[in-house]
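Undergrad: pasting a predicted model and its sequence here:
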Amino acid sequence: MRDSSPRRAVRRGHRPVTGLAAVAALSVALTACGAEETGPGDETSGDALSGELTVFAAASLTDVFAEIAEDFRERHPEVEVTFNFAGSSELAQQINSGAPADVFAAANTATMEQVVEGEGLDADWAGEHGEDGLVFVTNTLRIAVPPDNPAGIEDLSDLADDGVQAAFCAEEVPCGAATTTAVDASGLEITPVTYEEDVRAVLTKVELGEVDAGLVYSTDVISAEGRVEGLEFPEAEEAVNDYPIGVLANSADSALASAWIEAVTSAEGAAVLRDAGFGTP
């Protein structure tokens, strides 16, 4: 049973909770029963963990967090982990509207700041790791095209050509903000045919051949496993995203939430993130 006792928050302002937002449809529950087993490098130094953990995370973290959770489940078989993957701005709105969550991992620092100013981060955790969360990885944009690249896209300027259909993330989500920064740096005027709610939706448009190209993260190109081709472009270096993570003030179990973040930032977790294409902050 989750403890509902209040926790101190680190916040730059206060916004009253206006209602309980529903957790997004895409969630993964990892459960197991049995005796607790610990081993070398266990995040809790041998302390048994049990209970429920809810992690809200940017859509671009879907695959890597699921992989890290497999090891976490083996170390802590009495912990149930539920993920809510979506666009970071949508998740921030849910958290600030009272949705129950223990950890938030955003795809840029601006979105984490929205949560810090709203519901806030756990004060004890933030006092040790930073009031704006802990930046644990970076990510860089790529132009995603179908494997045969039928439109002959070579660089960002090709997306401005007449007849080329491109998909971008909506400007309010981190991948959209990064896209705007990169396009502004190029001096080009590009009008996409669609704005999607998160980066995975853009990737899907390219995979299905519904658009000629889309701007996604380098990690999304890797996760597509050959279903798209990723093209580097120089303006992307002007729009590298920092990903912060933090324990939320309303976490029912801050120790359990801290253990998850330690798993993500451990040597093993960092290896999973590097293999997926994330950079080092």
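TA: Perfect, I can see it now. In this text, all values refer to a predicted model and were calculated from it rather than measured experimentally.
Undergrad: can you tell me who the residue nearest the centre of the chain pairs with across the strands?
TA: Closest to where the C-alpha atoms of the chain average out (C-alpha atoms, centre = their mean) is residue 58, at 2.3 Å. Beta-bridge partners recorded for residue 58 (DSSP bridges): residue 86.
Undergrad: helices or strands up against the strand or helix carrying residue 269?
TA: Assessed by DSSP states H and E, residue 269 sits inside helix 267-275. When contacts are defined as 3 or more C-beta pairs under 8 Å, 6 or more residues apart in numbering; DSSP states H and E, helix 267-275 packs onto helix 62-75. (Each C-beta comes from the backbone N, C-alpha and C, glycine too.)
Undergrad: confidence score at the residue nearest to residue 223 when sequence neighbours are not counted?
TA: Leaving aside its chain neighbours, residue 223 sits nearest to residue 63 (5.0 Å; criterion: C-beta to C-beta, 6 or more residues apart in numbering). If you check residue 63, the pLDDT there is 95.
Undergrad: count the residues that sit near residue 63.
TA: Residues lying near residue 63 (other C-beta atoms under 10 Å) number 16.
Undergrad: likewise residue 155?
TA: Other residues close to residue 155 by other C-beta under 10 Å number 13.
Undergrad: separation between it and residue 224?
TA: Counting by C-beta to C-beta, to the nearest Å, the gap from residue 155 to residue 224 is 20 Å.
Undergrad: over to residue 215?
TA: From residue 215 to residue 224 the distance is 14 Å (C-beta to C-beta).
Undergrad: neighbour-wise, which of these two wins?
TA: Neighbour count, other C-beta under 10 Å: between residue 215 and residue 224, residue 215 has more, with 30 against 18.
Undergrad: hmm, that one is touching residue 173, no?
TA: No: in this structure, residue 215 is not within contact of residue 173 by C-beta atoms under 8 Å, at 12.0 Å.
Undergrad: so, low pLDDT: which residues of the protein?
TA: Along the chain, segments meeting pLDDT under 70 span 1-47.
Undergrad: which residues of it fall in helices?
TA: For the chain, the helices defined by DSSP state H cover 62-75, 88-96, 109-117, 123-129, 174-186, 199-207, 218-223, 254-265, 267-275.
Undergrad: of these, give the one that comes closest to residue 141.
TA: helix 174-186 (5.6 Å; C-beta to C-beta).
Undergrad: on that earlier part again, distance check, the residue nearest to residue 223 against residue 83.
TA: Distance, residue 63 to residue 83, by C-beta to C-beta: 11 Å.
Undergrad: give me the number of residues near residue 275?
TA: Residues near residue 275, counting by other C-beta under 10 Å: 12.
Undergrad: between its first and last residues, how far does stretch 210-218 reach?
TA: Criterion C-alpha to C-alpha, to the nearest Å; first-to-last residue distance in stretch 210-218 is 20 Å.
Undergrad: which positions within that stretch qualify as buried?
TA: 211, 212, 213, 214, 215, 216, 217, 218 (16 or more other C-beta atoms under 10 Å).
Undergrad: now do the contacts for the last one.
TA: Right, the one you point to is residue 218. When contacts are counted by C-beta atoms under 8 Å, 6 or more residues apart in numbering, residue 218 touches 139, 140, 141, 142, 230, 277.
Undergrad: ok, the fourth one - contacts?
TA: With C-beta under 8 Å, 6+ apart as the criterion, the residues that contact residue 142 are 215, 216, 217, 218, 220, 221, 230, 231, 232, 233, 236.
Undergrad: distance of the closest residue to the fifth one other than its chain neighbours relative to residue 228?
TA: Counting by C-beta to C-beta, 6+ apart, residue 220 lies nearest to residue 203, which is 4.8 Å off, once chain neighbours are set aside. Look at residue 203 and residue 228: by C-beta to C-beta, they are 7 Å apart.
Undergrad: what do these two both touch?
TA: Here residue 203 and residue 228 have 144, 216 as joint contacts, going by C-beta under 8 Å, 6+ apart.
Undergrad: next, count neighbours for the nearest residue to residue 156 once chain neighbours are set aside.
TA: In space, and not counting its chain neighbours, residue 156 is closest to residue 233: 4.7 Å by C-beta to C-beta, 6+ apart. Counted by other C-beta under 10 Å, the residues lying close to residue 233 total 20.
Undergrad: much appreciated, bye for now.
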